[in-house]
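Engineer: what follows is a predicted protein model with its sequence.
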Amino acid sequence: MMHACRRSAFFLCLAFAFSAADVLAAESPSVEKLYAEHCVSCHGADRFGKMGPALLPENLGRLKREEALSVIRDGRALTQMPPFREKLSDAQIKALADFIYTPPAQAPRWELADMRASQVIHNKPGSLPDKPVFKADLLNLFIVVELGDHHATLLDGDRFEPILRFPTRFALHGGPKFSPDGRFVYFGSRDGWVSKFDIYNLKYVAEIRAGINMRNIAVSSDGRFVIAGNYLPHTLVLLDAVDLTPLKIIPVRDDAGKSSRVSAVYDAAPRKSFIAALKDIPEVWEIPYDDKAEPVYPGLVHDYRMGEALIADEPFDSGHPGPRPTGALKRVQSCSLQDCPVRRIRLDDYLDDFFFDQPYEHLIGAARNGKNGQVVSLIVGRKIADVDLPGLPHLGSGITWDWRGTPVLATPNLKEGTITVIDIKTWKTIRNIKTLGPGFFMRSHENTPYAWTDSMFSPNKEALEIIDKNKLEVVKTLRPAPGKTAAHTEFTRDGKYALVSIWEMDGALVVYDAATFKEVKRLPMKKPSGKYNVYNKITRSAGTSH
């Protein structure tokens with residue numbers, strides 16, 4: 001059941017959530033009564049959220065305080081949030097806004113019991129037909145996320161016509177992920193909701209809240225598991241991909257017991273494992289899901305065949321921080337996510353995001369200082385090189401291709417108008433390509449000689465620049481909507497067409513011929529952020545994010 005409250009109650013309840021201490025002291029009974037009457041059912045007495053989003057500082061990261069004041073005072077279009085300027089004084093409005101940006105006294109917890117209580121089965125797995133209810137190339141479909149009013153559109157990638165527009169949870173983030181066959185799509189929201197949608201039948205299958213503030217999700221290449229990486233609480237959560245039943249919580253902490261937010265978690269398909277970067281601990285974690293995975297050897301190993309190393313068979317979520325116990329440990333014969341320990345790779349610096357090379361043998365991560373990056377070998381489990389990245393790269397949008405016989409990585413930078421191109425064999429910078437401004441997304445396809453990038457963090461936010469992948473230079477600039485933000489290109493299955501977002505409430509999806517750069521079609525949409533092609537995602541195209 002889709003609840004309208006989940007899309008709009010955040011703004012409805014802002015005005016009632018809690019008062020700051022001085023207001024609460026003077027008006028506690030009336031303020032608590034208002035909150036209980038209007039907000040508890042959707043957001044919870046603890047502000048953690050239920051069907052509606054949480055009212056916590058981490059969940060309000062994209063809503064500035066000035067905007068919160070405006071929402072409370074003037075209401076917000078396209079939601080049920082009314083204006084309260086006639087009912088609340090300026091001091092009360094400010095106190096309310098101040099309070100929701102104040103952390104709770106105790107760190108939020110979200111346990112397996114909370115997750116199970118939140119789980120919704122919309123359609124029992126196996127109850128829906130195995131044949132699609134529409135006609136289209138099932139591998140050339142797009143999911144377009146429309147952040148403006150929290151919807152998604154399933155788009156036919158041949159006719160460029162919507163098949164269905166349907167509601168989503170509040171503030172999707174991290175990009176939807178597909179099952180290996182492309183039938184199901186999984187969404188993750190900033191408020192911790194994971195949703196499974198059956199593309200064939202155009203219906204939701206299941207939903208569950210895996211955290212309070214979530215970074216992103218990943219789906220295992222064998223289709224068995226979904227994993228969620230959380231900011232709040234500091235956990236990784238494993239779910240059964242069939243109905244999203246929670247299987248395991250992995251607390252994220254180091255040997256000393258320090259906990260960390262999860263920066264990002266991705267599937268490393270060739271390795272049959274999940275890889276997680278941590279925001280507050282200089283480590284990368286590998287979590288194998290292959291039942292025949294090799295055992296994990298913490299610490300230094302000379303030669304495990306000589307019996308000189310200890311095998312870790314204790315799950316890392318045992319609740320006991322600190323070093324592993326000493327003594328002989330039995331060998332893990334069958335390693336699955338329910339019982340296999342985490343492989344922890346210690347680094348020189350923190351990682352906010354990362355990127356895989358195509359064989360998934362190396363991880364290239366962005367250091368927090370924004371001046372360089374680290375190359376981590378997933379084979380030997382350590383950093384092997386530094387890369388020069390001038391302006392805080394957005395490695396989650398990095399792409400690869402072969403340049404004159406050499407595999408290269410290219411990434412935009414969030415603080416400089418530069419595309420950095422790196423030789424993956426030597427990890428040396430080949431070229432820094434100047435652009436009109438800092439960008440966020442870069443995309444290409446194996447069947448096109450061009451890469452497309454934006455400048456969405458600059459006064460030239462309307463510009464899309466097209467780079468010749470052989471010449472390593474900008475050869476064309478497009479402005480699909482002058483004065484409006486253009487961003488996030490994605491290609492059709494065959495690479496013949498490029499789809500671009502006009503990232504505004506009165507935005508659009510613009511389709512271009514990828515060879516001639518001529519506009520083919522324009523579909524009005526409400527702040528379309530990303531669009532995701534089924535085939536490109538499930539085949540791990542070098543031109544898009546994984």
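Structural biologist: Yes, it's here.

Engineer: check contacts around the spatially most central residue of the chain.
Structural biologist: In the chain, the residue lying closest to the centroid (CA atoms, centre = their mean) is residue 174, at 1.7 Å. When contacts are counted by CB atoms under 8 Å, 6 or more residues apart in numbering, residue 174 is found next to 188, 214-217, 264. Where C-beta positions appear, they are placed from N, C-alpha and C, glycine not excepted.

Engineer: now pLDDT too, for those, in TSV please.
Structural biologist: As requested, the contacts of residue 174 are exported to TSV (pLDDT from 0 to 100):
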residue	pLDDT
188	97
214	94
215	92
216	95
217	98
264	92
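
Engineer: highest neighbour count among these?
Structural biologist: Within these, residue 214 tops the neighbour count with 28 neighbours, counted by other CB atoms under 10 Å.

Engineer: so residue 56 makes contact with residue 108?
Structural biologist: Yes. Judged on CB atoms under 8 Å, residue 56 makes contact with residue 108 at a distance of 7.0 Å.

Engineer: so the two - more neighbours on which side?
Structural biologist: Each of residue 56 and residue 108 has its neighbours counted (other CB under 10 Å); residue 56 has more, 24 against 20.

Engineer: that older thread, measure the residue nearest to the centre of the chain to residue 89 for me?
Structural biologist: Relative to residue 89, residue 174 is positioned 39 Å away (CB to CB, to the nearest Å).

Engineer: same check, this time on residue 402
Structural biologist: 64 Å.

Engineer: of those two, which one has the most company?
Structural biologist: Using other CB under 10 Å, the more surrounded residue of residue 402 and residue 89 is residue 402, with 14 against 11.

Engineer: check which helix or strand the more buried one maps to.
Structural biologist: For residue 402, the host element (DSSP states H and E) is strand 399-403.

Engineer: quick one: residues contacting the closest residue to residue 520 other than its chain neighbours.
Structural biologist: Leaving aside its sequence neighbours, residue 520 sits nearest to residue 511 (CB to CB, 6 or more residues apart in numbering; 4.4 Å). Neighbour list for residue 511: 160, 497-500, 519-523 [criterion: CB under 8 Å, 6+ apart].

Engineer: quick check: the farthest pair among those?
Structural biologist: Across the contacts of residue 511, no pair lies farther apart than 498 and 523, at 14.1 Å, counting by CB to CB.

Engineer: out of these two, which sits in the busier spot?
Structural biologist: The neighbour comparison of residue 498 against residue 523 (other CB under 10 Å) goes to residue 498, with 26 against 17.

Engineer: test my guess that the more buried one contacts residue 515.
Structural biologist: No. Under the contact definition of CB under 8 Å, residue 498 does not touch residue 515, with a separation of 9.7 Å.

Engineer: anything in contact with each of those two?
Structural biologist: residue 448.

Engineer: one step back: so which of the contacts of residue 511 belong to strands?
Structural biologist: 497-500, 519-523 (DSSP state E).

Engineer: what subset of the residues you listed is buried?
Structural biologist: Neighbour counting by 16 or more other CB atoms under 10 Å classes 497-500, 523 among those as buried.

Engineer: ok, of those, which one's closest to residue 469?
Structural biologist: Closest approach between these and residue 469, by CB to CB: residue 498, at 13.9 Å.

Engineer: report the separation between that closest one and residue 451.
Structural biologist: Residue 498 sits 10 Å away from residue 451, going by CB to CB.

Engineer: quick one: residues contacting residue 473.
Structural biologist: When contacts are counted by CB under 8 Å, 6+ apart, residue 473 touches 433, 467.

Engineer: who does it bridge with?
Structural biologist: Assessed by DSSP bridges, residue 473 has beta-bridge partners residue 468.

Engineer: got the confidence number for it?
Structural biologist: Listed pLDDT for residue 473 reads 97.

Engineer: low pLDDT regions in the stretch 401-546 of the chain?
Structural biologist: By pLDDT under 70, the stretch 401-546 of the chain has no low-scoring segment.

Engineer: mind putting the buried ones among the ones in strands among the contacts of residue 511 into a markdown table with distance to residue 419?
Structural biologist: Listed next are those as a markdown table, based on distance: CB to CB, whole Å:
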| residue | distance to residue 419 |
| --- | --- |
| 497 | 22 |
| 498 | 17 |
| 499 | 20 |
| 500 | 17 |
| 523 | 28 |
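
Engineer: looking at those, which is nearest residue 103?
Structural biologist: residue 500 (38.8 Å).

Engineer: doesn't residue 484 make contact with that closest one?
Structural biologist: No. Taking contacts as CB under 8 Å, residue 500 lies outside contact range of residue 484: 11.4 Å.

Engineer: and residue 122, how close does it get to residue 532?
Structural biologist: 22 Å.

Engineer: so who does residue 132 touch?
Structural biologist: 138, 199-201.

Engineer: burial of the nearest residue to residue 242 once chain neighbours are set aside, as a residue count?
Structural biologist: Nearest residue to residue 242, sequence neighbours excluded (CB to CB, 6+ apart): residue 125, at 5.0 Å. Neighbour count for residue 125, taken as other CB under 10 Å: 15.

Engineer: again with the one 10 residues further on
Structural biologist: The number of residues packed near residue 135 is 8, by other CB under 10 Å.

Engineer: and if you look at the one 10 residues further on?
Structural biologist: The criterion is other CB under 10 Å. On that basis, residue 145 has 24 neighbouring residues.

Engineer: okay, and it sits in which element?
Structural biologist: Per DSSP H and E, residue 145 falls inside strand 141-146.

Engineer: any idea how far residue 404 is from the closest residue to residue 496 other than its chain neighbours?
Structural biologist: Nearest non-adjacent residue to residue 496, counting by CB to CB, 6+ apart: residue 514, 5.7 Å away. Residue 514 sits 22 Å away from residue 404, going by CB to CB.

Engineer: for those two, indicate the residue with more neighbours.
Structural biologist: Between residue 514 and residue 404, residue 514 has the larger neighbour count (other CB under 10 Å), namely 25 against 8.

Engineer: quick one: the more buried one and residue 450 touch, right?
Structural biologist: Yes. Assessed by CB under 8 Å, residue 514 is found in contact with residue 450 at 7.0 Å.

Engineer: quick one on the thing from earlier: just the buried residues out of the contacts of residue 132, in ChimeraX syntax.
Structural biologist: Paste this into ChimeraX to select the buried members of the contacts of residue 132, with burial taken from 16+ other CB under 10 Å:
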select :199,200,201
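
Engineer: of the contacts of residue 132, which is the nearest to residue 358?
Structural biologist: Using CB to CB, the contacts of residue 132 come closest to residue 358 at residue 138, 24.8 Å.

Engineer: check contacts around that closest one.
Structural biologist: Applying CB under 8 Å, 6+ apart, the residues near residue 138 are 132, 182-183, 199-200, 534.

Engineer: where does it land on pLDDT?
Structural biologist: Note for residue 138: predicted pLDDT of 98.

Engineer: now the one 4 residues further on
Structural biologist: Confidence per residue is given as pLDDT, and for residue 142 that number is 98.

Engineer: what of residue 97?
Structural biologist: The pLDDT attached to residue 97 in the predicted structure is 71.

Engineer: tell me the secondary structure for it?
Structural biologist: Following DSSP: H, G, I helix; E, B strand; the rest coil, we place residue 97 in the helix state.

Engineer: touching, it and residue 72? I think so.
Structural biologist: Yes. Under the criterion of CB under 8 Å, residue 97 makes contact with residue 72 at 6.4 Å.

Engineer: if I pick the closest residue to residue 290 other than its chain neighbours, what's in contact with it?
Structural biologist: Distances taken as CB to CB, 6+ apart place residue 272 nearest to residue 290, at 3.8 Å, with adjacent residues excluded. Neighbouring residues of residue 272 by CB under 8 Å, 6+ apart: 220-222, 288-290, 293.

Engineer: hmm, 10 Å instead?
Structural biologist: Residues in contact with residue 272 (CB atoms under 10 Å, 6 or more residues apart in numbering) are 220-222, 288-293, 360.
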